[in-house]
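[1] output the structure for:
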Amino acid sequence: METALDNLSKQELLTLVTSQLAAIQQQRETIDQHQSAITSYESKITSYQSDIDSYESKITSYQSDIRYYKAQIAQLQRMLFGQKRERFEGKSNQLPLPFEVAPEQEKKQEEVITKRISYLRTNKSTHQGRLKLPEHLPVEEVEVYPEGDLTGMVCIGKEITEELDCVPAKFFIRRYIRYKYASPDKTGVLIGDLPERVIEKGMAGSGLVATILVDKYVDHLPLYRQRQRFLREKIPISSSTIEGWTKQGLERLAILYDHLVEDTKRKGYLQVDETPIGVLESNKKGSTHQGYYWVYHSPIAKTVLFDYQPSRSMRGPSKLLSGFQGYLQSDGYEVYAKIAKDPGIVHVGCWAHARRHFEQALSNDQPRSEIALGLIRELYGIESQARKEQLSSAGRKELRLSKSLPIINSLGKWIIQEAKHTLPRSQIGKAMRYAMQRWDELSAYLYDGELEIDNNLVENAIRPVALGRKNYLFAGSHQSAQRAAMIYSR
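    Modelled structure (predicted):
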């Protein structure tokens, strides 16, 4: 069968082939263009995917930051609103106080008061009994006889009622009268020696100096308030005089303090912590210098040593603990870890601080925080059991090894497993990292039954200073801060 091509001439065939080749070439160019466009689109898609991955990474980072800042805000809110203070807010519609009472109203008030007093005297109390008064107190007896003529009557008994009373402190003058004697041959004169006094050639007696020191450092009564008490008694003592008595009285304690320092170094178990104290001496005008009291507590001997240092560096505690050997218990401050590297010192951690970090993480990750807090609560339950049963040191150690050690091991394995899936910057991540970095120290209280599970005892010893700071605000100088440390020690 003949086709259309068979009827074409050679020139027509060449023309047809040429046109077909041109069409094929054009299609190839079109395909190359499409392929180039596809490659460009794929490149753009890859770039967009990279941008998407970057944005997702940023979103994840931003979400982590948001959780972190929320936790910080929650913690600051607890710090801000945790303490309550009473405030008086006047009302716009409040009436003025009645400074003068009308005669008829005063008479009516007297009738009400008389009825109230009569009721209180005749009404029988339902109280089952009261606390027996201490036997070491002096007793002042007041005999009360019936009114009227008692002639011919016989006493058949007596009823005794006791009350606890107080005589306010009173000032008095102690006058030493020293008699002089001359020998008959006029060779010399004898005079009685004055007894030893706290302040030589001073007019403050030992009882007054002791009262000033106790009022200031135990009852937190600043010296300017104590001066007001002098003025109420019409005793014109200047502020500088009272400050001088305080200084000289504290200087008398220096010998006892030096003995306490040496004795503290010989303790085999110390708890240590530090607390800030403002000092008026400062290179910056209008501000105070922030110094630190370093506090050393012996839980076994029940002694407390305060040592003032101008800074929070390790120079102060390193010098005081020079030669110390034994257990040193502290919080996570890195200075204590450096000191504990000395041979003969075993560093013991504080579970109260570890627990505090997990408690702060409740707003960040409540489920996992509660797991850690629950296990730590079990550790404290075992300590409570040991106190309730009044176990000896050996008994408490045995109880801890049998019950506390498995809990500590379980908590450690749980923290290591969960830390792999936890953001380090999150509150729960910080709590886990704090515990992991100090795990050996946190477990060291298992070594000896005399060791405490936390550092709370030394923190309790610091509380009087925290109360005092709210009253006297700062120390006058670095020397006065150290003198105050002497009397805080005990």
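[2] count the neighbours of residue 485 for me.
    22 (other Cβ atoms under 10 Å). Where you see a C-beta, it was placed from the backbone N, CA and C, and this is true even at glycine.
[3] which residues of the stretch 101-250 of the chain fall in strands?
    Using DSSP state E, counting those that start in this stretch, the strands of the stretch 101-250 of the chain run over 180-182, 189-191.
[4] now do the contacts for residue 415.
    372, 432, 435, 436 (Cβ atoms under 8 Å, 6 or more residues apart in numbering).
[5] that one and residue 437, how far apart?
    Between residue 415 and residue 437 the computed distance is 11 Å (Cβ to Cβ, to the nearest Å).
[6] how many residues are close by the residue lying closest to residue 444 once chain neighbours are set aside?
    Leaving aside its sequence neighbours, residue 444 sits nearest to residue 348 (Cβ to Cβ, 6 or more residues apart in numbering; 4.5 Å). Neighbour count for residue 348, taken as other Cβ under 10 Å: 29.
[7] hmm, residue 348 is touching residue 331, no?
    No - taking contacts as Cβ atoms under 8 Å, residue 348 lies outside contact range of residue 331: 10.8 Å.
[8] still on that earlier bit, which among the contacts of residue 415 end up buried?
    Neighbour counting with 16 or more other Cβ atoms under 10 Å marks 372, 432, 435 as buried within the contacts of residue 415.
[9] next, residue 304: phi, psi?
    Dihedral angles of residue 304 (phi, psi; degrees, to the nearest 10) stand at phi -130, psi 130.
[10] and what of the one 5 residues further on?
    The phi/psi pair for residue 309 (degrees, to the nearest 10) reads phi -140, psi 140.
[11] any idea how far residue 316 is from it?
    Residue 309 is 3 Å from residue 316, by Cβ to Cβ.
[12] which neighbours do those two share?
    292, 294.
[13] so which helix or strand of the protein has the lowest pLDDT on average?
    Least confident helix or strand of the chain, by mean pLDDT, DSSP states H and E, is helix 103-122 with a mean of 65.
[14] tell me which helix or strand residue 396 sits in.
    According to DSSP states H and E, residue 396 maps onto helix 393-399.
[15] helix or strand next in line after that helix, which one?
    Next along the chain from helix 393-399, counting by DSSP H and E, comes helix 405-419.
[16] go through that following helix and flag the buried ones.
    Buried residues in helix 405-419, counting neighbours by 16+ other Cβ under 10 Å, are found at 407, 408, 411, 412, 415, 418.
[17] poorly predicted segments of the stretch 351-490 of the chain, please.
    For the stretch 351-490 of the chain, applying pLDDT under 70 flags the ranges 471-473.
[18] what is the mean pLDDT for the helix ranked longest in the chain?
    Assignment by DSSP state H gives helix 10-81 as the longest helix of the chain. Averaging pLDDT along helix 10-81 yields 78.
[19] same check on stretch 203-221?
    Mean per-residue pLDDT for stretch 203-221: 88.
[20] I would like the residues contacting it, please.
    For stretch 203-221, contacts defined as Cβ under 8 Å, 6+ apart pick out 169, 171, 174, 197-199, 222-223, 226, 242, 245-246, 248-250, 464, 467-468, 470-472, 484, 487-488.
[21] buried stuff in stretch 302-316?
    For stretch 302-316, the neighbour count (16+ other Cβ under 10 Å) marks 303, 304, 305, 306, 307, 308, 309, 310, 312, 314, 316 as buried.
[22] what's the nearest residue to the fourth one if we skip its chain neighbours?
    The reference is to residue 306. residue 485 (3.8 Å).
[23] before we move on, what about the fifth one?
    Of all residues beyond its chain neighbours, the one nearest residue 307 is residue 294 (4.7 Å), with distances taken as Cβ to Cβ, 6+ apart.
[24] and the one you found, helix, strand or coil?
    Classification of residue 294 using DSSP: H, G, I helix; E, B strand; the rest coil returns strand.
[25] quick thing: my sequence starts at 27, can you match it?
    I'll keep to 27 as the first residue from here, and by that count the last item is residue 320.
[26] check whether it really touches residue 337, as I assumed.
    No - counting by Cβ under 8 Å, residue 320 does not reach residue 337; the two are 10.5 Å apart.
[27] test my guess that residue 366 contacts residue 375.
    No - if you go by Cβ under 8 Å, residue 366 and residue 375 don't touch, sitting 10.3 Å apart.
[28] between these two, point out the one with more neighbours.
    A direct count of neighbours by other Cβ under 10 Å for residue 366 and residue 375 places residue 375 higher, at 27 against 17.
[29] quick check: the more buried one vs residue 185, distance?
    For residue 375, the distance to residue 185 - Cβ to Cβ - is 61 Å.
[30] compute the first-to-last residue distance for stretch 407-421.
    By Cα to Cα, to the nearest Å, the extent of stretch 407-421 from end to end equals 16 Å.
[31] that stretch: which residues count as buried?
    Of the residues in stretch 407-421, those buried (16+ other Cβ under 10 Å) are 408, 409, 412, 417.
[32] which stretch of helix or strand covers the second one?
    Under DSSP H and E, the secondary-structure element containing residue 409 is helix 392-414.
[33] what helices or strands is that helix leaning on?
    Based on contacts counted as 3 or more Cβ pairs under 8 Å, 6 or more residues apart in numbering; DSSP states H and E, the elements that helix 392-414 packs against are helix 377-386, helix 419-425, helix 431-445, helix 453-463.
[34] the second one - contacts with which helices or strands?
    Read that as helix 419-425. Other elements packing on helix 419-425 under the criterion 3+ Cβ pairs under 8 Å, 6+ apart are helix 392-414.
[35] next, the angle from the helix it packs on to helix 453-463.
    40 degrees (axes from the mean of the first three to the mean of the last three Cα atoms, to 10 degrees).
[36] tell me the angle of helix 392-414 relative to helix 377-386?
    Using the same axes, to 10 degrees: helix 392-414 against helix 377-386 is 150 degrees.
[37] how far away from the center of its chain is helix 392-414?
    Relative to the centre of its chain, helix 392-414 is centred 21 Å away, using Cα atoms, centre = their mean, to the nearest Å.
[38] got the angle between that helix and helix 431-445?
    Using the same axes, to 10 degrees: helix 392-414 against helix 431-445 is 160 degrees.
[39] contact partners of helix 392-414?
    Here helix 392-414 makes contact (Cβ under 8 Å, 6+ apart) with 377, 380-381, 384-385, 387-388, 421-422, 425-426, 429-430, 433-434, 436-437, 440-441, 444, 454, 457, 479.
[40] ok, now stretch 509-516?
    Contacts to stretch 509-516, defined as Cβ under 8 Å, 6+ apart, come from residues 239, 243, 273, 276-277, 279-280, 282-283, 286, 319, 329-334, 490-491, 501.
[41] which other helices and strands contact the strand or helix carrying residue 331?
    Following DSSP H and E, one finds residue 331 within strand 329-335. Here strand 329-335 touches helix 280-291, strand 315-324, helix 341-346, helix 482-498, helix 504-514, going by 3+ Cβ pairs under 8 Å, 6+ apart.
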